[in-house]
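Asks: give the three-dimensional model of this entry:
(one chain, ligands or ions: 1)
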Amino acid sequence: MVNKVQLESSGATDVGQMRSTNQDAFLIDEPQSLYIVADGMGGHAGGEIASKLCVDEIAQYARDNQAVFAGERKHPDPKVAGTLVEAVNYASTKIYERALEEPSLKGMGTTATVLMVVEDYAYCAHVGDSRLYLLRCGYIYQLTNDHSLVSEQVRAGLLTKEEAELHHLRNVITRSVGYQEEEDVDTTSLRLEDGDCLLICSDGLHGKVTDQELSLMIEKHGLKAVEELIKLANDRGGDDNITTVILKVKVSAK
Ligand code: CA
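Replies: As a prediction, the model looks like this:
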């Protein structure tokens, strides 16, 4: 028997206190149960164009391949995860090709953290240093690994987590969507439980607010935490664009 899942979501993005443009983009596509955060980079509007293209092209690819996501199945289904990876690389090719057409956009790219819920399962495809978190029973879990220079050094035991948070190269990412035609895309999946919350955010949030604080704010404010979290990151300097998407999960027996 498959459980019935009801989702409620909210999302917001903010330019922050220091930047003149917002290069982050997010998407909440309820009909597809698809949620994306993208954090663009590149001069001459490249960052904005890359993140916007990224969310739009991934959503389009998912729509064009909706047959893959329809019907009951045994989870985790590698076809679902594989299609999300294809969607990210489809977007990557589109961004790359756009940069070839307009030389001033050369080198633009974006992170992409993509979440899709199929029946009672959540699937994530991920590139870069935006993050997906799970909040369950009062605990918070980071489900994605950052593809950043400092995170790789933490995983290799060369830096501590605390050193990484203050490192001057903490913003340098090692994988991005659109910088080249294809990229290595991580995937992860999990069965959802009643009361779960999922959070997707850019580094403008997780660089300013601790995991513990993310957890407490969402517990306290629910879906309204998107605004509260942005305010908190801004109160702490807001030196980057800030984006957050929250998903509340209700699971009941069919
Ligand atoms: Ca950022």
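Asks: what's the spacing between Val117 and the ion?
Replies: Val117 is 25 Å from the ion, where distance means CB to the ion, to the nearest Å. Yep, even glycine has a C-beta here, placed from its N, CA and C like the rest.
Asks: can you check the pLDDT for the residue of the stretch 1-150 of the chain found nearest the ion?
Replies: At 4.3 Å from the ion, Asp39 is the closest residue in the stretch 1-150 of the chain, using CB to the ion. Per-residue pLDDT puts Asp39 at 98.
Asks: residue contacts, it?
Replies: Asp39 sits next to 23-24, 51, 110-111, 128-130, 202-204, 241, 243 when contact means CB atoms under 8 Å, 6 or more residues apart in numbering.
Asks: what's the following helix or strand after the host helix or strand of it?
Replies: Per DSSP states H and E: Asp39 is located in strand 34-41. Using DSSP H and E, the next helix or strand after strand 34-41 towards the C-terminus is helix 46-64.
Asks: so which bits of this protein are right by the ion?
Replies: Residues of the chain lying close to the ion by CB under 5 Å from the ion are 39, 202-204, 240.
Asks: repeat the analysis, applying 8 Å as the threshold.
Replies: For the chain, the contact set with the ion under CB under 8 Å from the ion comprises 23-24, 39, 41, 111, 129-130, 171, 202-204, 207, 240-241.
Asks: can you give me the helices in the stretch 1-150 of the chain?
Replies: With DSSP state H, counting those that start in this stretch as the criterion, the stretch 1-150 of the chain has helices at 46-64, 66-69, 78-101, 149-155.
Asks: show me the shaky parts of this structure.
Replies: Applying pLDDT under 70 to the chain flags residues 1.
Asks: strands of that one, start to end?
Replies: Here the chain has its strands, by DSSP state E, at 4-14, 24-29, 34-41, 109-110, 112-118, 121-127, 131-136, 139-142, 186-191, 197-201, 242-252.
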